[in-house]
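Attaching a predicted model along with its sequence, questions to come.
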Amino acid sequence: MMQSLVQMLKKPILSLQFIQDIKNSRITDAQFPKDLQEAILKPIEEVFDIDDPDIELSLNAYLAIANASEEVYRKFRALIQKRWPESGMLSYEQIRKKVQEFSRVTPIVSDMCVNSCVAYTSQFQDLNACPECGEARFTTNSKGKLIPRRMFHTLPLGPTIQALWRNPTSAKNMAYRQHKTVENLNKFVSPDGKIHVTETDDIMSGEDYLRCVLSGTIGLEDTVLMISMDGAQLYRQRQSDCWIYIWVLMDLPPELRYKKQYVIPGAVIPGPNAPKNVDSFLFPGLAHIASLQKEGLKVWDASNPRIFLTKPIVALTTADGPAMVDFSGFVGHKGFQGCREFCNIPGRRSSVQSKTYYPALLKPVGHTIEGSSHPDIDLLNHLHHHQTPGSTQIQYERRLEIVLAAENQSQYLRARRDTGVAKPSIFSGMHVYPPMPAMFPSDVMHLLGLNIPSNLLDIFRGTISCELDDNCDTWDFAVLTGDIWSRHGEIITLWRPFFAAGFDHVPTNPVEYINSGYRAQEFLIYIYDLLPALLYNVLPETYWTTFCKLCMAVKIVLQRRLTREQIEQAHILVLEFALEFETKFVQRKASRIHFVRPCIHNVTHIPSSTLRLGPHGLFSQYTMERTIGNIVEEMKQHTTAAGNASQRAIRRAQVNTVKALILDNNQTGNLSPTSPRYPQSPAGNGYCILWPKEQLKNGRVIPEEEFDALEAYFDAKNVDFPLTRSQMPLKKWGRLQLPTGDIARSVYQESKRRQDAPMRITRMVKFEHDGAIRFGEVMYYFVAKVSHEQAEPYNLAMISMAGLLDDSTLEKSSGALRVCDFKSGENLVVVDVVSIHAVVSLLPFPLMESGGPLLAESKFFVIEDFGRELSLLTESTTSLYDVQAEDELDCVE
């Protein structure tokens, strides 16, 4: 125990030395390979070109099979040489060396403890044994020479940034942030320098970013970065085997920056154990960035031939709870001051014996526990003070000074508890960085997709621990039990075909799979879309209305683009949810303080931090999880998994850099080429009607009710329509491509499938009709002309329109549950295809009464894939191994 306290006291001192060494790093330091130094100091001033056909063939083959094993390349080379013996195609070893030469990405190799405790960097570089476990650093080889027992590789980012500017097409992509920044400065900043953001769609429209630009912290020619770190579970049966961090270049457009081709691995830290000093492993990569900040990174711009200096700036960091502690230097979420957003809300303990603090706002009745008996917290005023620009930064700096001033263990432990700061952040070693602690935001993937679902389901299922004098028999909110829970699972299984094809990871039966790998995307749909309907008239209304406020707020904040009014609406909803949650569920009982896990408090920060930082989905852990999935997929040597993962990361960094060099602008777009077999009819504004198309030569005469709908359409447009039903034969089309790239199908197309074929109904749409937003089922699409003289045809859709949304349910649910009546084939209307906004899902309303039918016949509720745009940007559809709510389960006090 005494040894652990001593180590704890050393943390701030060790961190200060790492920070100072990072500040002192220079490009020419011995820790950086000579090839890397040359690449940084002498950028190539010409567009990349290969004039040797054998090298070009070898490179194209290497890039084409980048995910495959070495053996695939060797076999392909053997086939080429058998067919063309004169071919000079390079061997695998030769082309791998060439790729490193072309990319100029030379790994920084560092020794590390055999037990993963520390890396021998900075102040540890001269040690011969691990300062944590005492294991020797070196062993001797057969020749008696000392060699390190274990090493890890850091991938320097500088050459990749140079490569992205060295290609004319990617250089234009890299200029996205510059153009967006200028646009937003003109849009949101007044002549006297006041910032007022009215809408946000990227970090460049965040108030914090704009302040950094106005203050000169971030320049237009700088390179803005996001770093993300997480543990990687390489095998389902094991705990995390290694730790990975990646770089995301925020200068690129959102449509590119999160894609596999542009995400750059920073390092793979091999296991088998968790690092005990993460700073020592981050040191090489951050020292590289700091050296580039200090001296400037020389870049040649191929789009406007010139050399300029750029400073890479780490503007955002993302991680799960435990990893973020290593980034920020804060205490874990169990601490007295455990808020991840550093709002300084004090925690409460349920008893003297408990060592865990919870961010409960309301003081329990008769609660006299020392350090936990503070009065009720006025959340509105508390958050208002936290949101005042600069106030949190000043508070953080003062509290850090208190921690650093501690002279003994007791002083340090007291300071650590009272301030919420354990050590200075390793990122303060940068010469340029945004204000701390704003650069350590909450991660919505873990918070909204894992932690809150875990918390709420434990409560609704009655599986949360019953403590002190509480009686679980009084928990009238624990409704997902017994027959209700069984019907719950059966209904979700029946719903599967009603989800549109674009919905990623449709929830499976939670009764069977909730504890065996439920994904974050599944939880998002299950908790915020399905539970409001499943709990309707099951959960007492007082609890249900509170829960629905959270659901609606989450639907708002996970959008790709948000207005200030939407953000303010979400802010009100989460505040009401947090207060009502404690009032109704906790009821000022000390025995229920543990209901208020950190996620219940952290969600109250999401709307306001969206204004400060931009949409949270753009700096979430989805990209990190996707990268882990990619590396797991690409691993070929499983006996040394962590080492193989490291080699795949090196290859990925070098391959992505070379791809940036050879990128061309010959993009084909989303549409398939037109052909008689696959006809299409462009409808303007990014819409296009697609095959299948009826092959009847003259079309078919439509039924009278459909013709009436067509007449009503032309009447509403005041278009002269002299034709009769027999004079207006139509040819049906099956699908419509929306500007988002989504495909809306139709009854005409989907009815062609075999009855036993698995299908997801993708013909339900959200559209505009008579100035209002409506929902309905597309019967078919068609192209129509009312006269031969008409130049452009009408591109139309025949839709069976659902009834109006039930106002009462809509109001009670704060907009989270949208219920309507619907019968397929009735209430037909004709609309322009450009009035169709999105593909949605209409799910039959659940019936929870025991013994009765499971689904209603004509009552439905609407759900939209509210996180779809962000999901597409981050390629977050990778299937991962078991993902747990790490913020809640893997805690650091």
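That came through, no problem.

contacts, neighbours, all on C-alpha from now
Will do.

For the residue nearest to residue 102 when sequence neighbours are not counted, give me its contacts.
Counting by CA to CA, 6 or more residues apart in numbering, residue 102 lies nearest to residue 658, which is 6.6 Å off, once chain neighbours are set aside. Listed by CA atoms under 8 Å, 6 or more residues apart in numbering, the contact partners of residue 658 are 99, 102-103, 163.

Make TSV out of those and add distance to residue 208, neighbour count and secondary structure.
Putting the contacts of residue 658 into TSV (distance: CA to CA, whole Å; neighbours: other CA atoms under 10 Å; DSSP: H, G, I helix; E, B strand; the rest coil) gives the following:
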residue	distance to residue 208	neighbour count	secondary structure
99	39	19	helix
102	37	17	helix
103	34	23	helix
163	29	30	helix
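
which SSE is the residue nearest to residue 63 when sequence neighbours are not counted in?
In space, not counting the residues next to it along the chain, residue 63 is nearest to residue 655; the distance is 6.9 Å by CA to CA, 6+ apart. Assigned by DSSP states H and E, residue 655 falls within helix 641-662.

Quick one, grab the pLDDT at the residue nearest to residue 63.
Among the per-residue scores, residue 655 holds a pLDDT of 96.

what's the answer for the one 4 residues further on, then?
On the pLDDT scale, residue 659 is placed at 96.

burial measure for it, as a count.
A count of neighbours around residue 659, defined by other CA atoms under 10 Å, yields 18.

Now do it against residue 226, distance only.
Note on residue 659: its distance to residue 226, by CA to CA, to the nearest Å, is 21 Å.

looking only at pLDDT, what's the mean for the helix or strand following the helix holding residue 655?
Secondary structure here is assigned by DSSP H and E; on that basis, the next helix or strand after helix 641-662 toward the C-terminus is strand 680-684. Confidence over strand 680-684 (mean pLDDT, whole number) is 94.

Stretch 825-835 now?
Along stretch 825-835, the predicted local confidence has a mean pLDDT of 98.

Repeat that for stretch 729-736.
If you average the pLDDT over stretch 729-736, you get 96.

do stretch 98-109 as well
Confidence over stretch 98-109 (mean pLDDT, whole number) is 98.

Also stretch 373-380?
Confidence over stretch 373-380, taken as the mean pLDDT, stands at 92.

I'd like the numbering to begin with 17 instead of 1 from here.
Sure thing, new numbering starts at 17, so read that last one as stretch 389-396.

buried ones in that stretch?
Across stretch 389-396, burial judged by 16 or more other CA atoms under 10 Å covers 389-390, 395.

got CSV for the residues you listed, with secondary structure and distance to residue 205 too?
As requested, these are arranged in CSV below (DSSP: H, G, I helix; E, B strand; the rest coil; distance: CA to CA, whole Å):
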residue, secondary structure, distance to residue 205
389, coil, 44
390, coil, 41
395, helix, 29
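
Summarise which helices and strands the one helix or strand residue 859 maps to is packed against.
Using DSSP H and E, residue 859 falls within strand 857-862. Helices and strands touching strand 857-862, as assessed by 3 or more CA pairs under 8 Å, 6 or more residues apart in numbering; DSSP states H and E, comprise helix 498-511, helix 547-550, strand 780-785, strand 871-879.

Can you add distance to residue 695 and give the contacts of residue 674 back as a markdown table?
A markdown table is the format used below for the contacts of residue 674 (distance: CA to CA, whole Å):
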| residue | distance to residue 695 |
| --- | --- |
| 115 | 42 |
| 118 | 43 |
| 119 | 43 |
| 179 | 41 |
